[in-house]
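*Asks:* With the input below, show me the fold.
(one chain, ligands or ions: 1)
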Amino acid sequence: MILGVPKEVKDHESRVGITPAGVKALVEAGHTVLVEQNAGALSAMPDEEYEAAGAKIVATADAVWRAEMVVKVKEPVESEYKHFREGLVLFTYLHLAPLTDLTNALLKKKVIGIAYETVRDRAGALPLLTPMSEVAGRLSVQVGAEYLTKEHGGRGLLLGGVPGVPPGNVCIIGGGVVGTNAAKMALGLGAKVTLVDLNLNRLRELDDIFNGRVFTLASNSYNIERAAREADLLIGGVLIPGAAAPKIVTKTMVSKMKKGAVIVDVAIDQGGCIETAHPTTHSNPSYIVDGVVHYCVTNMPAAVPNTSTLALTNATFPYVMKLAKVGAKSAIKDDNGIAEGVNTYDGVLTYEAVAAAQKREWKPVAELA
Ligand SMILES: NC(=O)c1ccc[n+]([C@@H]2O[C@H](COP(=O)([O-])OP(=O)(O)OC[C@H]3O[C@@H](n4cnc5c(N)ncnc54)[C@H](O)[C@@H]3O)[C@@H](O)[C@H]2O)c1
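*Replies:* Residues are numbered from 1 along each chain as shown. Presented below is the predicted three-dimensional model:
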């Protein structure tokens with residue numbers, strides 16, 4: 001198969017769809033990989049490494065998109081729609097629900113659009129979302145520790161304390177992938193960590209995983225208000241799949257927090273779980289409400305593109321290899337997890353949640369493939 005790896009054009013996107021290691025494995029398996037010039041540069045993966053791995057470096061996006069399958073990171077932006085054509089296989093994050101124009105363009109040109117965010121593994125989990133939550137969870141503590149310094153408007157606190165001075169309090173709301181990874185980092189820095197979740201079985205698991213070193217707390221507004229008041233760093237990591245995040249830390253709770261405390265609302269990409277949070281960007285990441293520093297960047301992994309690209313492609317690559325080996329149509333027939341990833345097929349919308357969000361017709365891909 002001929003695969004194409006374009007340079008991402010979406011604002012601030014610095015990841016890339018296939019690494020030099022992926023190229024090497026694909027080329028060894030007999031495939032051809034076209035990589036657009038500088039596609040990996042922002043992830044610290046220069047053209048020379050791709051070339052050494054066997055890629056053909058091409059100068060233009062046009063040349064890359066002529067491939068049979070294009071592997072990207074972000075959903076195509078409008079300037080990329082012109083590359084769509086019948087039968088093209090596009091494997092990337094698509095997030096189609098709010099993107100009617102992109103959906104129309106994929107359907108009109110009969111592109112086979114396979115979305116990372118809806119591919120499922122055998123356990124029914126979403127394996128291509130997990131790595132980015134791992135990155136954002138771990139980064140949330142690193143960023144929070146930085147914003148607690150005086151220079152960044154924080155209360156001038158070292159999370160780990162020092163002998164004779166107690167550590168800081170980190171309160172993490174949501175004990176899923178983001179929350180667990182944040183807890184690991186915060187414990188590593190020596191902070192006192194409280195994990196809040198609605199799911200008592202999850203709290204039991206967390207108590208076991210951390211061997212009692214984190215405090216677990218059932219999620220209700222009484223507990224959250226008290227935990228927020230004591231927190232030096234408050235991290236939001238709740239998710240209700242398919243829904244906007246609930247605002248579980250209210251404006252009043254924020255007004256009672258310590259001055260110079262820091263909020264990192266990782267759930268901001270789903271609207272945020274903290275009432276005073278609004279989306280920010282890497283160029284202007286923080287603002288202050290009631291003396292509390294807020295960091296609410298919607299695409300945190302883009303701050304660490306080298307790690308994020310490696311983490312993402314570790315998860316996506318086995319699927320890329322399978323799609324290349326047997327072809328998209330056979331892979332969709334053979335593998336229910338890949339079939340779940342198909343959002344558009346031969347001019348038909350094939351993902352129910354996207355159809356519901358856009359109020360339009362859909363058909364399961366099994367009826368078409
Ligand atoms: N900002 C970014 O760059 C970025 C990157 C990756 C993920 N995210 C977002 O982070 C959020 C968390 O992702 P995840 O992968 O950890 O999800 P997850 O499903 O693994 O975990 C979510 C947890 O929230 C808990 N929860 C739900 N309602 C709750 C409530 N009312 N109180 C307390 N806990 C509650 C659930 O029980 C679950 O344990 C998502 O919104 C995700 O989109 C953001």
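
*Asks:* Can you give me the neighbour number for T250?
*Replies:* By other Cβ atoms under 10 Å, the residues close to T250 number 16. (Glycine included, C-beta is placed from N, CA and C.)

*Asks:* these two touch, right, it and A277?
*Replies:* No: using Cβ atoms under 8 Å as the test, T250 is too far from A277 to be in contact (11.5 Å).

*Asks:* which ones are touching the closest residue in space to E146 that isn't next to it in sequence?
*Replies:* Nearest residue to E146 in three dimensions, chain neighbours excluded: H152, at 6.1 Å (Cβ to Cβ, 6 or more residues apart in numbering). Counting by Cβ atoms under 8 Å, 6 or more residues apart in numbering, H152 touches 146, 286, 293.

*Asks:* quick one: H152 from the ligand, how far?
*Replies:* 19 Å (Cβ to the nearest ligand atom, to the nearest Å).

*Asks:* Please apply the same query to G17.
*Replies:* Using Cβ to the nearest ligand atom, G17 is found at 18 Å from the ligand.

*Asks:* SS state for that residue?
*Replies:* What DSSP: H, G, I helix; E, B strand; the rest coil gives for G17 is coil.

*Asks:* Report the contact partners of it.
*Replies:* Applying Cβ under 8 Å, 6+ apart, the residues near G17 are 5-6, 39, 70-73, 91-92, 313, 316.

*Asks:* Output those of the residues you listed also counted as contacts of the ligand.
*Replies:* Applying Cβ under 6 Å from any ligand atom to the contacts of G17, one finds that nothing falls near the ligand.

*Asks:* could you redo the residues you listed as JSON lines and give each row neighbour count?
*Replies:* JSON lines is the format used below for the contacts of G17 (neighbours: other Cβ atoms under 10 Å):
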{"residue": "V5", "neighbour count": "27"}
{"residue": "P6", "neighbour count": "27"}
{"residue": "A39", "neighbour count": "27"}
{"residue": "V70", "neighbour count": "25"}
{"residue": "V71", "neighbour count": "28"}
{"residue": "K72", "neighbour count": "27"}
{"residue": "V73", "neighbour count": "26"}
{"residue": "F91", "neighbour count": "27"}
{"residue": "T92", "neighbour count": "21"}
{"residue": "T313", "neighbour count": "21"}
{"residue": "T316", "neighbour count": "23"}
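
*Asks:* Sort out for me which of the residues you listed are in strands.
*Replies:* 5, 70-71, 91-92 (DSSP state E).

*Asks:* okay if I get these as a markdown table plus distance to Y345?
*Replies:* Putting the ones in strands among the contacts of G17 into a markdown table (distance: Cβ to Cβ, whole Å) gives the following:
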| residue | distance to Y345 |
| --- | --- |
| V5 | 23 |
| V70 | 16 |
| V71 | 18 |
| F91 | 13 |
| T92 | 15 |
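
*Asks:* between those residues, which is nearest R213?
*Replies:* T92 (38.8 Å; Cβ to Cβ).

*Asks:* So that closest one is in contact with M69, correct?
*Replies:* No: using Cβ under 8 Å, T92 makes no contact with M69, being 10.5 Å away.

*Asks:* before we move on, the earlier item: need the pLDDT of the residue nearest to E146.
*Replies:* Looking at H152, its pLDDT reads 95.

*Asks:* so what's the closest residue to the ligand within the stretch 251-369 of the chain up against?
*Replies:* For the stretch 251-369 of the chain and the ligand, the shortest gap (Cβ to the nearest ligand atom) falls at M300, measuring 3.4 Å. Applying Cβ under 8 Å, 6+ apart, we find M300 in contact with 135-136, 139-140, 143, 266.
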